[in-house]
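Trainee: pasting a predicted model and its sequence here:
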Amino acid sequence: MSFDAYGFHIGFLYFRYYGMIIMFGAVVAAVLSQRMLRRTSKDPELVWDALIWALVFGLIGARLYHVFTPSQSLLDQGIDTKYYLQHPLTILTIWQGGLGMPGAIVGGVLGLYLFARRRRLDIYLLLDIAAPGVALAQAIGRWGNFVNQELYGPPTNLPWKIFIRPENRFSGYESFEYFHPLFLYESLWNLGNAILLIWLWQKFYKRMKTGDLFIIYLITYPLGRFLLEFIRLDYVPMWGINFNQMAMLLVALVSGAVLLLRHRAKQPSC
């Protein structure tokens, strides 16, 4: 057995810490969802079947999002969407990095939708059950970014600064050693989001409409992501804007409007 900064070998097999952390987060999310589902009349064991659908489609969505929204660091290397389409086999090399969280969410929702149709289940209930677990999995998964040294902010001398190895520093920042731990900021935001969603579920379960919890997740997560994008060095430039930041803002605003409309007091009829 041999180890390096990103994983370890057992014989000819190589296990990446990033993938292990992601899978651990997924299992923790499933356990949490299972505990929540016990409060309903549904079989909690459904969660494990649903997890497979969500993971498969989530992984596909995450990779496709990365392919069609390359970050600035990839563009600096000449890797853009055209490059991926001209070298289609590289799209499959997910072990080399490149997964987009927005795509993972869209893909995961699609997977749950197909699973719900297959089992004749309420998709909105499944999404509610999944929301806190997804937030918790995100909080855990961001530590995979720490291992890969791929999610950090501007240079800083704050006490909680992190050292970035020279080979992982973005273009223009080669002379700096210490940076904002952006992965940690987002991890803490997602952890707080998970706690909030669990509290709302426990406190207002009988008062909320099915689907509300997931809609709240679509407000809180994008809001945090929008704010943190201000200090993200490796952003996605598209049409002259930070695409991810503007997309997150749009999702948060639309989701907030949907939640308000769902609970708008009915006007008395004349």
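Mentor: Ah, there it is.
Trainee: all helices of this structure, in order?
Mentor: Under the criterion DSSP state H, the chain carries helices at the ranges 17-37, 46-68, 72-76, 81-86, 101-119, 123-148, 182-204, 212-228, 243-262.
Trainee: CSV for those helices, including mean neighbour count?
Mentor: Any C-beta I mention is one placed from the backbone N, CA and C, and that applies to glycine too. CSV is the format used below for the helices of the chain (neighbours: other C-beta atoms under 10 Å):
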stretch, mean neighbour count
helix 17-37, 19
helix 46-68, 20
helix 72-76, 16
helix 81-86, 13
helix 101-119, 19
helix 123-148, 23
helix 182-204, 18
helix 212-228, 21
helix 243-262, 16
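Trainee: now the weakest link among those, please, by mean pLDDT.
Mentor: If you rank the helices of the chain by mean pLDDT, helix 72-76 sits at the bottom with a mean of 89.
Trainee: who's in contact with that helix?
Mentor: When contacts are defined by C-beta atoms under 8 Å, 6 or more residues apart in numbering, helix 72-76 is touched by residues 80, 98, 170-171, 233-237.
Trainee: and these, which of them are buried?
Mentor: A residue is treated as buried here by neighbour count (16 or more other C-beta atoms under 10 Å); on that basis the buried members of those are 98, 170, 233-236.
Trainee: select from those every entry located in strands.
Mentor: When strands are assigned by DSSP state E, not one member of those lies inside them.
Trainee: any idea which of these is least confident?
Mentor: When these are compared on pLDDT, G98 comes out least confident, at 81.
Trainee: isn't that residue right next to H66, touching?
Mentor: Yes. The pair G98 / H66 is scored as a contact, 4.2 Å apart, by C-beta atoms under 8 Å.
Trainee: residue nearest the centroid of this protein?
Mentor: M101 (3.7 Å; C-alpha atoms, centre = their mean).
Trainee: how close does the residue lying closest to F57 once chain neighbours are set aside sit to L126?
Mentor: When the adjacent residues along the chain are set aside, F57 lies closest to G111, with 3.2 Å between them (C-beta to C-beta, 6 or more residues apart in numbering). Summarising the geometry, the distance separating G111 from L126, computed by C-beta to C-beta, to the nearest Å, is 10 Å.
Trainee: what is in contact with these two at once?
Mentor: Counting by C-beta under 8 Å, 6+ apart, the common neighbours of G111 and L126 are A50.
Trainee: so G153 touches I231, yeah?
Mentor: Yes. Counting by C-beta under 8 Å, G153 touches I231, with 4.0 Å between them.
Trainee: please enumerate the shared neighbours of those two.
Mentor: Between them, G153 and I231 share these contacting residues under C-beta under 8 Å, 6+ apart: 180, 182.
Trainee: between the two, point out the one with more neighbours.
Mentor: G153 (20 against 15; other C-beta atoms under 10 Å).
Trainee: how close does the residue nearest to the centre of the chain get to A247?
Mentor: Using C-beta to C-beta, one obtains 11 Å as the distance from M101 to A247.
Trainee: W160: what's it in contact with?
Mentor: If you count contacts by C-beta under 8 Å, 6+ apart, W160 has them with 181, 184.
Trainee: show the pLDDT at it.
Mentor: Model confidence at W160 (pLDDT) stands at 96.
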